[in-house]
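Colleague: fold the stuff below for me.
(2 chains)
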Amino acid sequence: MAKRITIDPITRIEGHLRIDVEVDNNSVSNAWASCTMWRGIEKILRGRDPRDAWLFTQRFCGVCTTVHAMASVRAVEDALKLEVPPNAQYIRNLILIAHALHDHIVHFYQLSALDWVDVLQIPKADPAATSKLAESLSPWTRNSHNELKAAQDRVNAVASSGQLGIFANGYWGHPAMRLSPEVNLLAFSHYVQALEYQRKALQVVGILGSKTPHIQNLTVGGVANAIDLDSQSALGMDKLEMIRELLAQVVQFVQEVYFVDVCAVAAMYADWFKIGSGVRNYLAVPDLPLDSRGSAYDLPGGYIRQGDLAGVKSFQTAADPAFRQAVSEDVMHAYYQGDKALHPWVGETEPAFTGWDGEQKYSWVKAPRFNGEPMQVGPLSQILIGYAQGHALTRKYTNLAIEKIAAIGNVHVTPDMLHSTLGRHAARAIRACMLAELAQKHWQLLVDNISKGDYTVHNQPVLPSHEVQGVGTHEAPRGTLSHWVVIEDEKIKNYQAVVPSTWNASPRDRAGAHGPYEASLLHTPLARPEEPLEVLRTVHSFDPCMACACHAFDPSGREIAQVKVL
Amino acid sequence: MKSVLIGGIGNVLLGDDGVGPYVARLLDAYYEFDDGVEVADLGTPALDLIDQISGKDAVILIDSIHTGAAPGTVLLYRKADVMCLRPAVRMDPHSPALVETLLSTELFGSAPKELLLVGIEGSSYDSGCNLSDPVNNSIQRVIAEVLGELARLRVTYRRREHPVQTGIWWATTEKTSALRTS
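Modeller: Numbering: from 1, shown residues only, chains lettered A, B, ... in the order given. Purely as a prediction, here's the structure:
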């Protein structure tokens, strides 16, 4: 008989992701993804000055601050038909890249790695053998015997105190854990090191944005950074050199550690290239504009339907008509009034909570659809679209990943196998390598442009009195983000944000089509249904972000997620 | 010199959840502190909180809490009160992460020696940029707790003769009356 399992990090108000699966013969037979909190933050923006919107949207999420700020200024610029000077584009791009590198590193080491790495195995590892193994995988200089021994000692100290502390929330000793003690130790030592490098990436955001976590340097029409090569307070050579040095260290960590670790996990858990596929429609928008008009980009965008890579379509611009006309949000199964599928410019956000009912309404997330179909977004979408288009940088690092995985585990990965849980991890690491290379390119573009004597960073916005509409997009760490704004009488008339996790965590639509999380969980084998590690592996591979909205401390410990087996 | 972080945590767009950033910005506008003191509106930092608190001698956090107590109730928590909790099964990287943050810094050897969490029970967390009356009325008490902790840590502070702008740009009904006398 089918069992129902609910994974629900219960708290009263935070917007959490809840997953319900039906399990039949240790295999998932049905799935529901839902969000347990109503945001409706967009309503706060109505009536406000569109030039201030980014300050508010930056607060949607405490960790994706910059991405919502960026999408917002781009939406208003699109509505005003306002171009952005090249310096401002490059500065924005550097912020977006640094933030994304930080985010991808955090995702793998802080969220996902411990789904694959068994901390309980670490005390059994031989640090000398681990160091030797590491040398065969990567030139990274911090894989020494001493460094690895120190990491092992930390785990031993925690284990011997009888308190697994930080590791108390993992499924250690689960039969789906399969790495050797040495690989577990190596990955753990990188988990510790990752903190240093993600911090360096954030420092870049801080230098350019003048503050983190909330950057201050954006403005509709450009950026507010004063450029003066000889100044220490303005953006000058001192700060630019500091940024270059920080980026160099982050780039090295990404290419020699993060990328290699993901390839190693992929080689050793190769069966996960067959699990977790789900929705094979993919969507990505072009990003990292190379000129003020946004006529060329360093990251490709477009869409793929039904996994047909040969039939890939391209978007020419970040606000391509083929994108802006195709998006709707369906509330058939979401806690909002009515059952309509509306375009974001005429979108409504009128809550109507009715309680969880898998047949009717069961989530606060609307179901975004592209030409009526669910789409998967995120690094995998961007990599598949770029690969299918023959995008050189995408092909370079995708091929490198395929070679690396083959070298480590004798596993031959084809692009078709990327439609999977491991494919999402591999794609994120590939994307991180691309961004690492692009970080250095955009740093050079900025320096070259300034060196030509161009110090312009801003074009003045002019608000018309008649109604205008705009869309601002950003290919964020979790995928396609779009902010949609309607401006009238110099005030915001309507504002909707269609965020990446809304695409991926979407509930069913009017046609009954599952959202990407839901579809990806079908047929997943579970070794121990009461410890659904396999479900977490696939959900984590999307890098969800639902709970960004609210952050309160519950001293009773109710932050603890519940896994209920019914 | 002691390195001290005074950090306000919360989402300023969700009613009383914004009390942490609100108080942090008030403190910054009305007081001057020793050089080692950093006052920050941290928003909702999740695991990024690890970066913020690592290596500090002392950390004072201001955050909304859920205990079922009457709205506006101020409760204090020390490091040990937080460390004894188990971290949650993590669905995403951005959920609240105070417990994990402290446990992580402990593992990495960079945990602050002292921690005080000044918690304020909220009444409304619906979308909106203003604090409820009970929470507004508790702000003077919250500030007194923060300053009391600084005194206990032997960190000096003084009221600014000419307060600077609070920078609470999100609220339409800023109430600083709590600070006009004292």
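
Colleague: burial count for the closest residue to chain A within chain B?
Modeller: Among all residues of chain B, B:Thr44 sits closest to chain A, at 2.7 Å; criterion: C-beta to the nearest C-beta. C-beta here means a position set from N, CA and C on the backbone, and glycine is covered the same way. When counting by other C-beta atoms under 10 Å in any protein chain shown, one arrives at 33 neighbours for B:Thr44.

Colleague: is it true that it touches B:Gly7?
Modeller: No. Contact criterion C-beta atoms under 8 Å: B:Thr44 and B:Gly7 do not qualify, at 11.5 Å.

Colleague: contacts only, for the closest residue to A:Glu348 other than its chain neighbours.
Modeller: Closest residue to A:Glu348 apart from its sequence neighbours, by C-beta to C-beta, 6 or more residues apart in numbering or on different chains: A:Leu342 at 6.4 Å. Each residue near A:Leu342 by C-beta atoms under 8 Å, 6 or more residues apart in numbering or on different chains is listed here: A:328-329, A:348.

Colleague: next up, phi/psi of residue 74, please.
Modeller: No chain was given, so I picked chain A. The phi/psi pair for A:Arg74 (degrees, to the nearest 10) reads phi -70, psi -40.

Colleague: let me rephrase: I mean chain B.
Modeller: phi -110, psi 120.

Colleague: quick check: bridge partners of it?
Modeller: Here B:Val74 sits in beta bridges with B:Ile120, going by DSSP bridges.

Colleague: what number of residues lie near it?
Modeller: So B:Val74, with other C-beta under 10 Å, has 18 neighbours.

Colleague: what's near enough to touch the residue in the stretch 201-350 of chain A that chain B sits nearest to?
Modeller: Among all residues of the stretch 201-350 of chain A, A:Pro213 sits closest to chain B, at 5.4 Å; criterion: C-beta to the nearest C-beta. Residues near A:Pro213 by C-beta under 8 Å, 6+ apart: A:62-63, A:65, B:42-43, B:45, B:48.

Colleague: doesn't A:Val73 lie inside a strand?
Modeller: No. According to DSSP: H, G, I helix; E, B strand; the rest coil, A:Val73 belongs to no strand; its state is helix.

Colleague: just checking, it touches A:Val223?
Modeller: No. Look at A:Val73 against A:Val223 with C-beta under 8 Å: they stay out of range, at 9.2 Å.

Colleague: where's A:Gly358, which helix or strand?
Modeller: Using DSSP states H and E, A:Gly358 is not contained in any helix or strand.

Colleague: check the chain for its longest helix and report it.
Modeller: If you meant another chain, say so; for now it's chain A. helix A:421-451 (DSSP state H).

Colleague: correction: the question concerned chain B.
Modeller: Ranked by residue count and defined by DSSP H, the top helix of chain B is helix B:133-152.

Colleague: so how far is chain B from the residue positioned nearest the centre of chain A?
Modeller: Compute the mean C-alpha point of chain A, and by C-alpha atoms, centre = their mean the closest residue is A:Arg478, 2.3 Å away. Remark: distance between A:Arg478 and chain B (C-beta to the nearest C-beta, to the nearest Å) = 10 Å.

Colleague: the nearest residue to A:Ala527 once chain neighbours are set aside: how many residues sit nearby?
Modeller: The spatial neighbour of A:Ala527 that comes closest, neighbours along the chain excluded (C-beta to C-beta, 6+ apart), is A:Pro175 at 4.6 Å. Neighbour count of A:Pro175, defined by other C-beta under 10 Å: 10.

Colleague: could you check the pLDDT of A:Pro175?
Modeller: Predicted confidence (pLDDT) for A:Pro175: 90.

Colleague: hmm, it is touching A:Pro525, no?
Modeller: No. In this structure A:Pro175 lies outside contact range of A:Pro525 using C-beta under 8 Å: 11.0 Å.

Colleague: quick one: low-confidence parts of the chain?
Modeller: In the absence of a named chain, chain A is used. By pLDDT under 70, the low-scoring segments of chain A are A:1, A:9-15, A:37-40, A:162-166, A:168-169, A:547-566.

Colleague: wait, I meant chain B there
Modeller: Using pLDDT under 70, chain B drops low at B:86-96, B:173-182.

Colleague: let's verify B:Leu117: helix, strand, or coil?
Modeller: Classification of B:Leu117 using three-state DSSP returns strand.

Colleague: ramachandran coordinates for the spatially most central residue of chain B?
Modeller: Closest residue to the average C-alpha location of chain B: B:Ile62 at 1.8 Å, with C-alpha atoms, centre = their mean. Here is the backbone geometry of B:Ile62 (degrees, to the nearest 10): phi -120, psi 120.

Colleague: what's the end-to-end length of stretch B:71-82?
Modeller: For stretch B:71-82, the separation between the terminal residues is 21 Å (C-alpha to C-alpha, to the nearest Å).

Colleague: next: stretch A:361-374.
Modeller: With C-alpha to C-alpha as the measure, stretch A:361-374 spans 17 Å from end to end.

Colleague: pull out the buried positions in it.
Modeller: Across stretch A:361-374, burial judged by 16 or more other C-beta atoms under 10 Å in any protein chain shown covers A:361-370, A:373-374.

Colleague: quick one: which of these is nearest chain B?
Modeller: Using C-beta to the nearest C-beta, these come closest to chain B at A:Trp364, 12.2 Å.

Colleague: sorry, back to before: may I have the beta-bridge partners of the residue nearest to A:Glu348?
Modeller: A:Glu329.

Colleague: quick one: the strands in chain B?
Modeller: Here chain B has its strands, by DSSP state E, at B:4-9, B:31-33, B:37-43, B:58-65, B:74-78, B:114-121, B:157-159.

Colleague: the third one versus helix B:133-152: what angle between them?
Modeller: Here the directions of strand B:37-43 and helix B:133-152 differ by 150 degrees (axes from the mean of the first three to the mean of the last three C-alpha atoms, to 10 degrees).

Colleague: strands paired with strand B:37-43, and their directions?
Modeller: Strand pairing for strand B:37-43, determined by DSSP bridges: strand B:4-9 (parallel).

Colleague: re earlier: among the strands of chain B, which comes closest to A:Thr414?
Modeller: Among these, the nearest to A:Thr414 by C-beta to C-beta is strand B:37-43 (42.5 Å).

Colleague: what residues does that closest one touch?
Modeller: Contact partners of strand B:37-43, identified using C-beta under 8 Å, 6+ apart, comprise A:59, A:62, A:65, A:213-214, A:551, B:3-12, B:20-21, B:24-25, B:27-28, B:33, B:49, B:52, B:150, B:155, B:157.

Colleague: again with stretch A:343-351
Modeller: A:38, A:40, A:42-43, A:327-329, A:335-338, A:340, A:342, A:364, A:469, A:471, A:482, A:484, A:486, A:494, A:496, A:498.

Colleague: are any of those buried, and which?
Modeller: Going by neighbour count (16+ other C-beta under 10 Å), the contacts of stretch A:343-351 have A:38, A:40, A:42, A:327-329, A:335-336, A:342, A:364, A:469, A:471, A:482, A:484, A:486, A:494, A:496, A:498 buried.
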